[in-house]
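Engineer: predicted model and sequence follow; I will ask about them next.
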Amino acid sequence: MTSIEHAIKEKYNDFCHRILSGHSALILTHNFPDPDGLAASMGLKRFFEHHNMAPCTVSFSGFIGRAENREMIQQVNLAYEPFQKINLKEYERIIVVDTLPKNGNISIGEDVEVDAILDHHGDNKSIPDYDAVNLCFPEIGATSTIVYLLLKMGNIPIDTTLATALFYGIKTDTMNMARNYCDDDIIAYKELFDLMDHKILSRIENPKREPQYLQYLHQGIEAFFTYNNFGYTHIGKVPVPDYIPEMADIFHKLDKLEWIVCSGFFGNSLLFSIRSLSENRAGIYAYKLATIFNGSGGGHSTMAAGRIPAHDIGAELLLDRFQHALFSVFSINPESKKHVLDLTQELPSE
């Protein structure tokens, strides 16, 4: 038994007593959720329904924008209710998944009491002492792994659809075991691999894309500049926030670039995503950047994001100030600026 599995086992009875003593549960994940938040919520719903809790509802604010995430919702039949339609008084228990209640990316007010928190972001110092069952483990790679361990401890059957969702949640948050993982993630990954439906996973990972996707990919390339081992692009105003981390993931594959930052505007906020190959400060930099502008930010050691409200200063001025702050935080020398296409080499002649 690993140290994390032992720690979860020690809290298991407290978790069950606190939550299952109620008759209904609201499972609330972060706004515009990713596969890990969705899968972990789906797994918890299965846990509570196994114990006859009803209603048991998965909810979040925002919407699902990324093509893979929309396909995941469809393929695993994940039922959810938009938070705008939720009446908190209808639920005896509230469980927060894949984020913290006061993290700036969840819709409940700070005065709302929650009964349990399951998360893996930040570090031990950033996890407040909530009056709730605390199943937060920053050393683990995915919240789906925590939920998988709970299901195993409860001897709750995991069908192929749920196994596929949990596997995909772990796979995406650890970049297929390439970052921010521990032994528990590897064990869950291997065990779920044998339980999952590989055809469903293939459909999730290879969704149909709208032509609009190419528009933002083009804008990202046009605005992409490098500064030695640092790359930055701004893709403008986007219809869904998912385009920003998706472009960051694409450009993160470029050779010889340690850092990638992609920004864009969604609604009245500037959003940004940070990726790193080997440095372990992405979450720290995201938090530092966001707090300069009274926004919210954070994440993992090599993958992070932030949101900055524009307020009354306007998008153009906010972007200018953000870029200056970005260069300062990352100690960028503007004179090293090169367009990404200038780095390409001529193809060898036949």
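Structural biologist: It's in.
Engineer: helix or strand with the lowest mean pLDDT in the protein?
Structural biologist: strand 296-299 (a mean of 87; mean pLDDT, DSSP states H and E).
Engineer: now what about that strand, what contacts it?
Structural biologist: 103-105, 121-122, 126, 272, 274, 282-283, 286-291, 304-307 (CB atoms under 8 Å, 6 or more residues apart in numbering). The way it works is simple: take the backbone N, C-alpha and C, and place the C-beta from them, glycine included.
Engineer: which members of these occur in helices, if any?
Structural biologist: Ala282, Gly283, Ala286, Tyr287, Lys288, Leu289, Ala290, Thr291 (DSSP state H).
Engineer: quick one: average pLDDT of the strand or helix carrying Ile187?
Structural biologist: Following DSSP states H and E, one finds Ile187 within helix 183-195. Helix 183-195 shows an average pLDDT of 97 in the prediction.
Engineer: ok now it, how far from the chain's centre?
Structural biologist: 20 Å (CA atoms, centre = their mean, to the nearest Å).
Engineer: ok, then the element right after it?
Structural biologist: Immediately after helix 183-195, counting by DSSP H and E, sits helix 198-205.
Engineer: just want the angle from that following helix to helix 183-195.
Structural biologist: In terms of direction (axes from the mean of the first three to the mean of the last three CA atoms, to 10 degrees), helix 198-205 departs from helix 183-195 by 120 degrees.
Engineer: so how far is helix 198-205 off the chain centroid?
Structural biologist: 20 Å.
Engineer: give me the mean pLDDT for it.
Structural biologist: 98.
Engineer: tell me what the helix or strand just after it is packed against?
Structural biologist: As assigned by DSSP H and E, the chain's next helix or strand after helix 198-205 is helix 212-222. Under the contact criterion of 3 or more CB pairs under 8 Å, 6 or more residues apart in numbering; DSSP states H and E, helix 212-222 touches strand 230-237, helix 243-251.
Engineer: what's near enough to touch Asn103?
Structural biologist: Per CB under 8 Å, 6+ apart, neighbours of Asn103: His30, His121, Ser296, Gly298.
Engineer: please apply the same query to Leu26.
Structural biologist: Thr57, Ser59, Ile86, Leu88, Tyr91, Arg93, Ile94, Ile95.
Engineer: so the fourth one makes contact with Val112?
Structural biologist: Yes. Counting by CB atoms under 8 Å, Leu88 touches Val112, with 6.7 Å between them.
Engineer: overlap in contacts of the two?
Structural biologist: In contact with both Leu88 and Val112: Ile94, using CB under 8 Å, 6+ apart.
Engineer: report pLDDT for the closest residue to Asn268 other than its chain neighbours.
Structural biologist: Leaving aside its sequence neighbours, Asn268 sits nearest to Ala310 (CB to CB, 6 or more residues apart in numbering; 5.0 Å). The per-residue pLDDT reported for Ala310 equals 91.
Engineer: from Ile292, how far off is Ala310?
Structural biologist: 14 Å (CB to CB, to the nearest Å).
Engineer: helix, strand or coil for Cys262?
Structural biologist: Secondary structure assignment for Cys262 (DSSP: H, G, I helix; E, B strand; the rest coil): strand.
Engineer: I'd say it and Ser273 touch.
Structural biologist: Yes. Counting by CB under 8 Å, Ser273 is a contact partner of Cys262 at 5.1 Å.
Engineer: now do the shared contacts for those two.
Structural biologist: Ile244, Pro245, Met247, Ala248.
Engineer: list the contacts of the longest helix anywhere in the chain.
Structural biologist: Looking across the chain with DSSP H, the single longest helix is helix 3-20. Helix 3-20 is contacted from outside by 1, 25, 48, 51, 53, 93, 95, 115-116, 132-135, 137, 139-140, 146, 149-150, 153-154, 182, 184, using CB under 8 Å, 6+ apart.
Engineer: mind listing what's buried in it?
Structural biologist: Ile4, Glu5, Ile8, Tyr12, Phe15, Cys16, Arg18, Ile19, Leu20 (16 or more other CB atoms under 10 Å).
Engineer: now, which of those sits nearest Leu78?
Structural biologist: Nearest to Leu78 among the buried residues of helix 3-20, counting by CB to CB, is Ile19 at 20.2 Å.
Engineer: for that closest one, which non-adjacent residue is spatially closest?
Structural biologist: Ile19 sits nearest to Arg93 (CB to CB, 6+ apart), 5.2 Å away.
Engineer: what sits against the one you found?
Structural biologist: Arg18, Ile19, Gly22, Ser24, Ala25, Leu26, Met53, Asp115, Ala116.
Engineer: pLDDT wise, what is the last one at?
Structural biologist: The score at Ala116 is 96. That number is its pLDDT.
Engineer: count of neighbours near it?
Structural biologist: Ala116 has 22 neighbours, counted by other CB atoms under 10 Å.
Engineer: residues contacting it?
Structural biologist: Phe15, Arg18, Ile19, Arg93, Ile95, Val96, Ala132, Val133, Asn134, Leu135.
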